[in-house]
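>>> Structure for this input, please:
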Amino acid sequence: MLEPNGPLPPEIYWRRRALAIGVIVVALAIVIWLVTMVARGGDSSGDNAAATTTSATTSSAESSTSATESSSTTATSGSATSSATSGAPASSTAAQPAAEPCGDQSLALKVTVGQPTYRVGDQPAFGTVITNISSAACSRDLGPGPQFLVYTLDGQRRLWASNDCNPDGPPEVKTLKAGEQLSYKGTWFGTTSQPECAGERLQVPAGAYMVVAQLGAVRSAAEPFNLAD
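Numbering: from 1, shown residues only. Below is the predicted model:
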């Protein structure tokens with residue numbers, strides 16, 4: 001069977017056999033290639049499906065985590081807002097009530113003189129201390145401040161008052177705690193005066209005098225001093 005028989009030369013028959021074998025080999029190669037491609041295509045589709053499923057699962061997990069974090073943040077923010085809101089009334093509740101007005105019986109005045117004796121033409125210096133002698137804080141309009149009044153030593157003649165020629169200042173309400181003190185100072189030019197600065201202002205001669213501090217109806221005890229030539 002291996003030796004070709006026929007009228008043609010043997011080379012012709014060998015070529016035909018080689019050609020047939022080549023065709024068969026090529027056909028088998030094509031079939032094998034097609035089978036391989038089909039098999040790979042199936043695996044690729046499966047891989048793509050798995051990748052898609054994994055991606056979808058991961059995306060879903062991330063979305064779930066993000067939603068959880070967002071909810072947590074919102075809840076925290078809501079808690080802070082609620083806390084701040086609930087804190088506001090507490091602040092209002094803690095506000096101190098306004099102090100009651102200081103009645104005359106709640107205050108005491110003490111007047112002082114810079115030195116016991118001044119020379120005529122000097123400007124005697126006075127001071128006064130206002131004390132809240134009550135057991136609770138109270139408020140008082142101290143805008144005008146206390147006034148100083150100079151009298152003859154027997155108290156029969158008023159010679160000068162610090163408010164005669166100085167108009168009252170604007171209102172200034174101050175709150176004094178129980179026992180709290182406020183100090184004021186004043187200077188006398190050594191001349192007489194009258195309410196609303198009426199009349200002539202005359203130099204007060206040498207002699208013994210006294211000064212009193214007054215705030216509304218509250219008066220201090222008199223403090224004596226001297227003017228000398």
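>>> Low-confidence regions, this structure specifically.
Applying pLDDT under 70 to the chain flags the ranges 1-10, 13-14, 41-97.
>>> all strands of it, in order?
Per DSSP state E, the chain carries strands over the ranges 100-101, 107-113, 117-119, 125-132, 138-141, 147-152, 158-161, 173-176, 181-187, 207-215, 218-219, 223-228.
>>> Which strands and helices lie in contact with the last one?
In this case it means strand 223-228. Here strand 223-228 touches strand 107-113, strand 117-119, strand 207-215, going by 3 or more CB pairs under 8 Å, 6 or more residues apart in numbering; DSSP states H and E. The C-beta positions use only the backbone N, C-alpha and C, and glycine is treated the same way.
>>> right, and those strands - which one's nearest Gly145?
strand 207-215 (7.9 Å; CB to CB).
>>> when you compare where that closest one runs with where strand 223-228 runs, what's the angle?
In terms of direction (axes from the mean of the first three to the mean of the last three CA atoms, to 10 degrees), strand 207-215 departs from strand 223-228 by 140 degrees.
>>> who's in contact with strand 207-215?
Residues external to strand 207-215 that are found in contact with it (CB atoms under 8 Å, 6 or more residues apart in numbering): 107, 109-111, 113, 124, 126, 128, 130, 140, 142, 145-153, 155, 159, 188, 219-227.
>>> Write the PyMOL selection for whichever of the residues you listed are buried.
Under the burial definition 16 or more other CB atoms under 10 Å, those of the contacts of strand 207-215 that qualify are selected in PyMOL by:
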select buried, resi 107+109+111+113+124+126+128+130+140+142+145+146+147+148+149+150+151+159+188+220+222+223+225+226+227
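>>> circling back: okay if I get the strands of the chain as TSV plus distance to Val31?
Below are these laid out as TSV (distance: least, CB to CB, whole Å):
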stretch	distance to Val31
strand 100-101	112
strand 107-113	121
strand 117-119	137
strand 125-132	116
strand 138-141	111
strand 147-152	127
strand 158-161	133
strand 173-176	109
strand 181-187	116
strand 207-215	124
strand 218-219	126
strand 223-228	134
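>>> Among the ones you listed, single out whichever gets nearest to Gln194.
strand 158-161 (8.7 Å).
>>> Just the C-alphas of that closest one, formatted as CSV.
Presented in CSV, the C-alpha positions along strand 158-161 are these (Å, rounded to 0.1, in the frame of the first residue of the first chain):
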residue,chain,number,x,y,z
ARG,A,158,-26.0,127.1,104.1
LEU,A,159,-23.1,128.7,102.3
TRP,A,160,-22.5,126.4,99.3
ALA,A,161,-23.7,123.3,97.6
